[in-house]
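Asker: Fold the following and give me the result.
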Amino acid sequence: MGKVVSRSWTSEIASGVPRRDRAPCEYEAYVPDPLTGRPFRFLGPVAADLADAEAAVRRLNDSATALQDTETLARLLLRAESVASSQIEGLVVGGRRLLRAEAARQLGEPASDVTAEEVLGNIAAMRWAVEELGTDPPVTLEGILEVHRRLLAGTRLERFGGVIREEQNWIGGSSLNPCSAAFVPPPPELLEDLLTDLCAFINDDSLPAGAQAAIAHAQFETIHPFVDGNGRTGRALIHVILRRRGLAPRVLPPVSLVLATRVDDYISALTATRYIGAADSEDAVEGTDRWVELFAASLVRAVADARMFEEQIDHLQQGWRTSLGKLRKDSAVERLLRALPGMPIITTPGAAAAIGRSFQSTNEAIDRLVAAGVLKQITVGRRNRAFEASGVLDAFTALERQLASPEGNTLSSKPSRAVPHRHP
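Answerer: Here you go, the predicted model:
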């Protein structure tokens, strides 16, 4: 049964803050039901929404080209996902800046963009989670702790990475005590059992994949087991489940970005899952349905926006081919045109390796693309020459801004959170 437990708070601060913030108090921490063995039933409209969402994700994975998970643009979406709920300044690190930092790293340049480097580290951690936990071996508590450790590696909170909290935390209210908190997660002594139960739920395939991802995410956010990085870890679990269940084998839809755009609805729906009483009570069923319904709708919106990006890239490539005229099949130029959506910032050695052509023929192909306006030369690091497909990066920036617009149109509905500016 979902319940609250009463606890006493005594401040360790002797002075320097108002007495009110130092005064002892009683508070209530919420303890959710375990998930394994818990009955779930979804009302007809919610079940239909889930089916529509899963069908949309499958279609995207069957047809997507520019957003294939093995390519750079999927990493750009993962960048945006990985910082959507964090305090990292990377919320305003656009794709262009990030890819330039990545190109400089590949060329052996010393890191000069600290924020971009931190975001690159977050991407690596998110990808590790999807690739390692999103495959056949069971998800374990140790695996979740490793995701968290990698997410905090190299940050000021690195010492807390992969460590289950040993003290009470809370959300909202005063930063000094939980007395006026909006939500108080379970006490620390209950966390390991709750996380072990969550792993068992993730390894079970009884529920539809979309419902499983939604419920696991809500449970993790309710448990809130870490000092920091709970949001990013909980979002990684969504991707892990969609990959494990075979729903998103190639392309992970940017559902977290849609939820971050609808933050008030997101928090409200998560709160609705924290019922008191039996798991089959009316409050429990309605609360779960409310959250799963929002999650399913967000999946559909994420797929629709990603599909629009695919169409923009297709239109862009058609324009490139018109500018270049007739191309010899399988030439270096033709291969490079096909590769650019997945590598919009290139160096000559990197491009040569990617398309399987010599340095000289790749360099000649790049020169032709520069002359046609497909690429433009830029400098990365100190003096290294690179080339940018500006149209691809502009299209991605437009996608990220669109995902941040409540109405999906930044002309009529401004982004509700920090996003990269359009490139002038």
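Asker: Need the contact partners of stretch 360-375.
Answerer: Stretch 360-375 has contacts (Cβ atoms under 8 Å, 6 or more residues apart in numbering) with 320, 323-324, 331-333, 335-337, 340, 346, 348, 351-352, 355, 357, 376-377, 387-389, 391. C-beta coordinates here come from the backbone N, C-alpha and C atoms, glycine included.
Asker: of those, buried ones?
Answerer: Neighbour-count burial (16 or more other Cβ atoms under 10 Å) applied to those gives 320, 324, 332-333, 335-337, 340, 346, 348, 351-352, 355, 357, 387-389, 391.
Asker: Just those residues: which are in strands?
Answerer: Judged by DSSP state E, strands contain the following of those: 346, 387, 388.
Asker: you'd agree the second one is up against residue 345?
Answerer: Read it as residue 387. Yes. In this structure, residue 387 is within contact of residue 345 by Cβ atoms under 8 Å, at 7.2 Å.
Asker: residues shared between the contacts of these two?
Answerer: Both residue 387 and residue 345 are in contact with residue 378, where contact means Cβ under 8 Å, 6+ apart.
Asker: just the strands in this structure please.
Answerer: Assigned by DSSP E, the chain shows strands spanning 3-9, 25-31, 345-346, 376-380, 384-388.
Asker: List the neighbouring strands of the shortest one plus their orientation.
Answerer: I take that to be strand 345-346. Looking at strand 345-346 with DSSP bridges, its partner strands are strand 384-388 (antiparallel).
Asker: from memory residue 237 sits against residue 215, does it?
Answerer: No. When contacts are counted by Cβ under 8 Å, residue 237 is not listed as touching residue 215 (10.6 Å).
Asker: now the helices for the stretch 101-250 of the chain?
Answerer: 114-128, 141-152, 191-202, 209-223, 230-244 (DSSP state H, counting those that start in this stretch).
Asker: Reformat the ones you listed as CSV; add distance to residue 400.
Answerer: Listed next are these as CSV, based on distance: least, Cβ to Cβ, whole Å:
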stretch, distance to residue 400
helix 114-128, 13
helix 141-152, 21
helix 191-202, 29
helix 209-223, 21
helix 230-244, 16
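Asker: export those helices to CSV and tack on mean neighbour count?
Answerer: Formatted as CSV, these follow (neighbours: other Cβ atoms under 10 Å):
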stretch, mean neighbour count
helix 114-128, 20
helix 141-152, 20
helix 191-202, 19
helix 209-223, 24
helix 230-244, 24
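Asker: Residue 41 is nearest to which of the ones you listed?
Answerer: Ranking the helices of the stretch 101-250 of the chain by proximity to residue 41 (Cβ to Cβ) places helix 209-223 first, at 10.5 Å.
Asker: Name all residues that make contact with residue 50.
Answerer: Contacts of residue 50 by Cβ under 8 Å, 6+ apart are 42, 208, 210, 211, 292, 296.
Asker: if we can go back for a sec, of the ones in strands among the buried ones among the contacts of stretch 360-375, which is the nearest to residue 176?
Answerer: residue 388 (48.1 Å).
Asker: In the beta-sheet assignment, what are the partners of that closest one?
Answerer: residue 345, residue 376.
Asker: what about residue 236, distance to residue 229?
Answerer: From residue 236 across to residue 229, the span is 10 Å (Cβ to Cβ, to the nearest Å).
Asker: Are there residues contacting both of these two? Which ones?
Answerer: By Cβ under 8 Å, 6+ apart, residue 236 and residue 229 have these common neighbours: residue 151.
Asker: May I have stretch 312-327 as CSV, with CA atoms only?
Answerer: Output in CSV follows, covering the C-alpha atoms of stretch 312-327 (Å, rounded to 0.1, in the frame of the first residue of the first chain):
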residue,chain,number,x,y,z
GLN,A,312,13.4,19.1,-43.5
ILE,A,313,16.6,17.0,-44.0
ASP,A,314,15.2,15.3,-47.0
HIS,A,315,14.2,18.6,-48.6
LEU,A,316,17.7,20.0,-47.7
GLN,A,317,19.4,17.1,-49.5
GLN,A,318,17.3,17.5,-52.5
GLY,A,319,18.3,21.2,-52.7
TRP,A,320,22.0,20.1,-52.4
ARG,A,321,21.6,17.8,-55.3
THR,A,322,19.9,20.4,-57.4
SER,A,323,22.8,22.8,-56.8
LEU,A,324,25.5,20.2,-57.6
GLY,A,325,23.9,18.8,-60.7
LYS,A,326,24.4,15.3,-61.9
LEU,A,327,26.6,13.2,-59.6
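Asker: Kindly provide the whole-number mean pLDDT of it.
Answerer: The pLDDT scores in stretch 312-327 average 92.
Asker: neighbouring contacts of it?
Answerer: 65-66, 333-334, 337-338, 341, 368-369, 372-374, 391-392, 395, 398-399.
Asker: can you do 7 Å?
Answerer: Residues from elsewhere that reach stretch 312-327 (Cβ atoms under 7 Å, 6 or more residues apart in numbering): 66, 333, 334, 337, 341, 372, 373, 374, 391, 392, 395.
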